[in-house]
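*Asks:* sequence-free structure coming up:
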């Protein structure tokens, strides 16, 4: 099965309230997903959007094409940096909780990443951006436990 995924993350302030937006396309199926968090970063939301999208795919070994405007996420995977970080125990790296979660779901599918320029008129990237910003602006936002625990550990 071939699945196309568009993702985007947003933080109002950085850190600040944040959210992610996802568009999943498979054949004639179309699904939008978003969620907001009370305190997080843009990079965390970019990465979390990809993780959530991959976790939603129930067909094993699906061919998944991920389109993201996040160089942080796309380069980390496509240039294989994240696998080196993993071998070194993520020493000195941020968002370890999310990268570990990503590495648990990533091998379950055949995933390719394509970077798209943000705010450049790509239809589904624009939809994801709107979903992410709307999610960040909602009331009753979730707690990004990984981020807030990390800040507490740093005494922030």
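*Replies:* Yep, it's here. Bear in mind that the values here come from a model prediction, so they are computed numbers and not experimental data. Numbering: from 1, shown residues only.
*Asks:* only C-alpha atoms for contact and neighbour calcs from this point on.
*Replies:* Fine.
*Asks:* now residue 73: closest residue in space, sequence neighbours ignored.
*Replies:* What sits nearest to residue 73 in space, not counting adjacent residues and going by C-alpha to C-alpha, 6 or more residues apart in numbering, is residue 47, at 6.1 Å.
*Asks:* the one you found contacts residue 96, doesn't it?
*Replies:* No - counting by C-alpha atoms under 8 Å, residue 47 stays clear of residue 96, with 10.9 Å between them.
*Asks:* re the thing from before, so which strand or helix has the residue nearest to residue 73?
*Replies:* Remark: residue 47 resides in helix 42-56, with elements defined by DSSP states H and E.
*Asks:* next structured bit after that helix?
*Replies:* Where DSSP H and E defines the elements, the next helix or strand beyond helix 42-56 is strand 63-68.
*Asks:* mind giving me the packing neighbours of that next one?
*Replies:* In terms of contacts (3 or more C-alpha pairs under 8 Å, 6 or more residues apart in numbering; DSSP states H and E), strand 63-68 is packed against strand 2-11, strand 110-115.
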